[in-house]
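J.: Quick check, what structure comes out for this input:
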Amino acid sequence: MNTFLRYIAVIGVCLIAFAFTTTKSYPIDGYATTGIKRLLQLERIQKDSTKEFRRIRKGALLPLNCIKLNLTGKQNSTLNELLVEDPEFSKKLKAILPSTRGYSVTVMDMTNPDNLKYAGYNERAGYQPGSVGKIMVANALFSQLKKICPESWDARTEILKNKVIRAGDWALYDHHTVPIYDVEDDKLIKRTVRADDTFTLYEWVDHMMSVSNNGAASVVWREAVLMEAFGYDYVSLTEEQANAYWKDTDRRELTQLSNDVVNKPIRFLGITEDEWRLGSFFTSGANKHVGDIGGSIGTPLGLMKYLVQLEQGKVIDPESSLEIKRLLYMTDRRIRYAYSPTLNDAAVFFKSGSLYSCDRSNGQSCAKYAGNVYNYMNSVAIVEHPDGKKYLVCLMTNVLRKNSAYDHQALAGRIDNLVTERNAPVEVLEETKDES
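T.: Sure thing, here's the model as predicted:
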């Protein structure tokens, strides 16, 4: 309890004021804003003093109004000005990597926005981004929402809260389960998505980000394409009209439009197609309707360019940047990099992704998350400690025949220590004369 009280004290006035007015805490207090039902269940559990509430770490208890963008004072600074590598910082970063083979990483220390430090190792190397690409889908959705309602953020969130959408075959198939909460009966179940499932657009986005559901990602991407095709008429678009659009439009046209919807907004941010791109939907069901273009790729440099501009408030607009950051905070549970005990008290905004392939014909070992053909594991994270230490990390690896989750977790602790070391106060020692 003492640790938790100290945590509240360090966070500052916003959290203390929040504590005086309500017992809810983010992501739990997000229900009123988003209508995402799983948050209501967490809110009810926390209110019930007879139930334990230990699953969520202290660092995940920031209320909504305490989540801020850290580099808004640098909105006029360009990426070329901000991403200037510090040789000494990079040298130390390279020294703490478990291996230089199969590892690529970028780190920006933004503890002091007026004294940013950037480091990278092999940051231009390309990897299959896996579920990290879902950030691009969220970005596409918010880009389209701004097109539909350019003057009103409230109008955009009303669409997210009120538009109820059926999954269809686009959401099939994915082994990741989603949380389904019955508000009336106060019951939560977790299962895979079915074609007849309906959720609000906000809930589909949450399923995509918080539990990394592939079906949800395909549905959200589909809806972003429909927004581009129908403009403001999307608000009243029926499922029948949408199905007719997919059926009657040339597949090549649909494929190109879908590719443009997710990739063009990223290009506006100065991220090239060799630095980050998305080439295909996340489910075989979606691929019945839309083809692939160009494959998917990600680099630590491209991902870092995105995170920096997110913190600047330059991803679409400040409201969208902040909301995307909030969605990265609403993760159902921390895994891999974010699982590090070093980060227990820190707010961590992150997305993880993996993709592996096995070939057992060559006699080499192979297992889940330990592929012997390729074995991608990637993480992007914004880390904010209650003592004010803040930094960005983009980590991408391809280490064959090994589940790198533990190495990612261990590296998180080393990077955290590296940033701590950089921000440690310099002791000033008085000169003493030799009296002998």
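J.: now T342: how far from I415?
T.: Going from T342 to I415 by Cβ to Cβ, to the nearest Å gives 9 Å. The way it works is simple: take the backbone N, C-alpha and C, and place the C-beta from them, glycine included.
J.: higher neighbour count, the two?
T.: I415 (26 against 18; other Cβ atoms under 10 Å).
J.: Which parts of the stretch 201-350 of the chain are helices?
T.: For the stretch 201-350 of the chain, helices defined by DSSP state H, counting those that start in this stretch occupy the ranges 201-210, 214-230, 239-248, 251-267, 300-312, 318-329.
J.: most neighbours per residue, which of these?
T.: helix 201-210 (a mean of 27; mean count of other Cβ atoms under 10 Å).
J.: Now do it, average pLDDT.
T.: Mean pLDDT, computed over helix 201-210, is 96.
J.: show me what contacts E384?
T.: N70, A346, A347, V348, F349, K390 (Cβ atoms under 8 Å, 6 or more residues apart in numbering).
J.: What segments of the stretch 1-150 of the chain are helices?
T.: 2-11, 13-21, 31-34, 37-47, 79-82, 87-95, 134-148.
J.: Can you give the domain ranges for this structure?
T.: Domain assignment for the chain by automatic domain parsing gives 2-66, 85-127+332-422, 130-298.
J.: export the ones you listed to JSON lines and tack on distance to E319?
T.: Formatted as JSON lines, these follow (distance: least, Cβ to Cβ, whole Å):
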{"stretch": "domain 2-66", "distance to E319": "12"}
{"stretch": "domain 85-127+332-422", "distance to E319": "16"}
{"stretch": "domain 130-298", "distance to E319": "5"}
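J.: what's the closest of those domains to K325?
T.: Across the domains of the chain, K325 has its closest neighbour in domain 85-127+332-422 (5.6 Å, Cβ to Cβ).
J.: Quick one: distance of the closest one to the chain centre.
T.: 14 Å (Cα atoms, centre = their mean, to the nearest Å).
J.: how long is that domain from one end to the other?
T.: End-to-end distance of domain 85-127+332-422: 15 Å, with Cα to Cα, to the nearest Å as the criterion.
J.: circling back: among the domains of the chain, which comes closest to S321?
T.: domain 130-298 (8.8 Å).
J.: per-stretch mean pLDDT over the helices of the stretch 1-150 of the chain, give me the minimum one.
T.: helix 13-21 - the lowest mean pLDDT of the helices of the stretch 1-150 of the chain, at a mean of 40.
J.: coming back round to it: and which of the contacts of E384 is nearest N423?
T.: Out of those, the member with the shortest distance to N423 (by Cβ to Cβ) is K390, at 9.8 Å.
J.: so what's Q409 up against?
T.: R336, Y337, Y339, S340.
J.: Who's the closest spatial neighbour of the last one, skipping the chain neighbours?
T.: The reference is to S340. Using Cβ to Cβ, 6 or more residues apart in numbering and skipping the chain neighbours, the partner closest in space to S340 is A412 (3.6 Å).
J.: Equivalent analysis for the third one, please.
T.: With Cβ to Cβ, 6+ apart as the criterion, Y339 has its nearest non-adjacent residue at 5.1 Å, and that residue is Q409.
J.: Which of the helices or strands spans the one you found?
T.: Per DSSP states H and E: Q409 is located in helix 405-422.
J.: quick one: low-confidence ranges for the stretch 51-200 of the chain?
T.: Applying pLDDT under 70 to the stretch 51-200 of the chain flags residues 51-55.
J.: Please apply the same query to the stretch 301-436 of the chain.
T.: 331, 425-436.
J.: repeat that with 50
T.: 427-436 (pLDDT under 50).
J.: S357: how many residues sit nearby?
T.: With other Cβ under 10 Å as criterion, S357 counts 12.
J.: ok, what's across the strand from it?
T.: With DSSP bridges as the criterion, S357 is bridged to Y374.
J.: didn't L400 look like it was pressed against Y369?
T.: No - here L400 does not reach Y369: they are 11.4 Å apart, not a contact under Cβ atoms under 8 Å.
J.: Spit out the residues that contact these two alike.
T.: N375.
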